[in-house]
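Enquirer: What shape does this take:
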Amino acid sequence: MRASCQVMRRGRKVLEILMAGGWAMVPILICSAIALAIVLERCWTLRRRSVLPPGLGEEVRQWARSGQLDPGHLEALANGSPLGELLASALVVRRQPRELIKERIEDTGRHVVHRMERYLNTLGTIALIGPLLGLFGTVIGLIRMFMEVMAGGIGDPARMAGGIGEALICTASGLTVAIPAYVLHRYFRSRIAGYRVEMEKQATALLDDLTLATAPAAAPVRPRRAPAPTAPSAG
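Expert: The predicted model follows:
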């Protein structure tokens, strides 16, 4: 009971602090909610098991060696994970020359990476504009303080304190939103870069297997016969 009362008091205190920041806190709070939603969604989507299922590359290479691949199987592979989509794009054109298979892998890889980077530009934008929104609230608070001073003079320190408090709250709130958003934006970028390198390795290994499987067998080299000796001419 006592713990719940303390939580409620702290919640009220935080709410009072946010309300003291003025209307400039509204866009900062909206940005914080959007950033939180993006972070949760990307954490769930960019799990390693969902992007790079363990053992999938070796399993797909075994399928390619056995040659037992049907369109339904390839469709299920492509819909399973980003790595599966990349490998399935190579298997669809597995009977084509190596250069065509490589181009298909590169085209599909660009689309896959683009989907993995979804919403990260928005998160980076929030990290960029967070301090600017805090600065905007700071300017609004200082303007309010000077307007109060012009209207009532400097005899009432409470009016000045309200403007200064509004300015400081907006600045702190903007930085509180921007710093985690920037750190997580860089973290997700780094994770996607690591996934891309691993997917390139798996795709290259599959490409090598497909190239060896479709390469024509080399014709056996027959030994050349020595020329028959010529009979000596009668002198």
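Enquirer: drop to CA atoms for contacts and neighbour counts, all remaining ones
Expert: Noted.
Enquirer: any weak-confidence spans in this structure?
Expert: 1-22, 68, 152-163, 213-235 (pLDDT under 70).
Enquirer: Please tell me how far the residue nearest in space to the middle of it sits from residue 101.
Expert: With distances taken as C-alpha atoms, centre = their mean, the residue of the chain nearest its centroid is residue 117 (3.6 Å). Separation of residue 117 from residue 101 (C-alpha to C-alpha, to the nearest Å): 24 Å.
Enquirer: Packing partners of the helix or strand hosting residue 49?
Expert: Using DSSP states H and E, residue 49 maps to helix 48-51. Packed against helix 48-51 by the contact rule (3 or more C-alpha pairs under 8 Å, 6 or more residues apart in numbering; DSSP states H and E) you find helix 82-92.
Enquirer: quick one, phi/psi of the residue nearest to the centre of the chain?
Expert: phi -90, psi 10 (degrees, to the nearest 10).
Enquirer: Repeat that for residue 46.
Expert: Torsion angles, degrees, to the nearest 10, at residue 46: phi -90, psi 30.
Enquirer: can you pull the contacts of it?
Expert: 116, 192 (C-alpha atoms under 8 Å, 6 or more residues apart in numbering).
Enquirer: what does the helix holding residue 49 rub up against?
Expert: 45, 81, 82, 83, 195.
Enquirer: Which member of those is positioned nearest residue 177?
Expert: residue 45 (22.1 Å; C-alpha to C-alpha).
Enquirer: ok, that closest one - how many residues close by?
Expert: Residues within reach of residue 45, counting by other C-alpha atoms under 10 Å, total 13.
Enquirer: And for residue 191?
Expert: 14.
Enquirer: Give me the three-state assignment for it.
Expert: Classification of residue 191 by DSSP: H, G, I helix; E, B strand; the rest coil places it in helix.
Enquirer: start to end distance for stretch 65-75?
Expert: So stretch 65-75: terminal residues 18 Å apart, C-alpha to C-alpha.
Enquirer: Okay, buried residues for that stretch please.
Expert: Buried residues in stretch 65-75, defined by neighbour count with 16 or more other C-alpha atoms under 10 Å: residue 74.
Enquirer: Any chance you could list what contacts that stretch?
Expert: By C-alpha under 8 Å, 6+ apart, stretch 65-75 touches 63, 88, 91, 92, 209, 210, 213.
Enquirer: how about a cut-off of 6 Å?
Expert: residue 88 (C-alpha atoms under 6 Å, 6 or more residues apart in numbering).
Enquirer: Can you mark which positions in the following helix or strand past the helix holding residue 49 are buried?
Expert: Remark: after helix 48-51, the chain's next helix or strand is helix 56-66, criterion DSSP H and E. Within helix 56-66, the residues that count as buried by 16+ other C-alpha under 10 Å are 56, 57, 60, 61, 64.
Enquirer: Now the closest residue to the fourth one other than its chain neighbours: which helix or strand?
Expert: I take that to be residue 61. Nearest non-adjacent residue to residue 61, counting by C-alpha to C-alpha, 6 or more residues apart in numbering: residue 206, 5.9 Å away. Here residue 206, judged by DSSP H and E, is contained in helix 157-214.
Enquirer: Could you name the helices and strands sitting against that helix?
Expert: Secondary-structure packing of helix 157-214 (3 or more C-alpha pairs under 6 Å, 6 or more residues apart in numbering; DSSP states H and E): helix 120-152.
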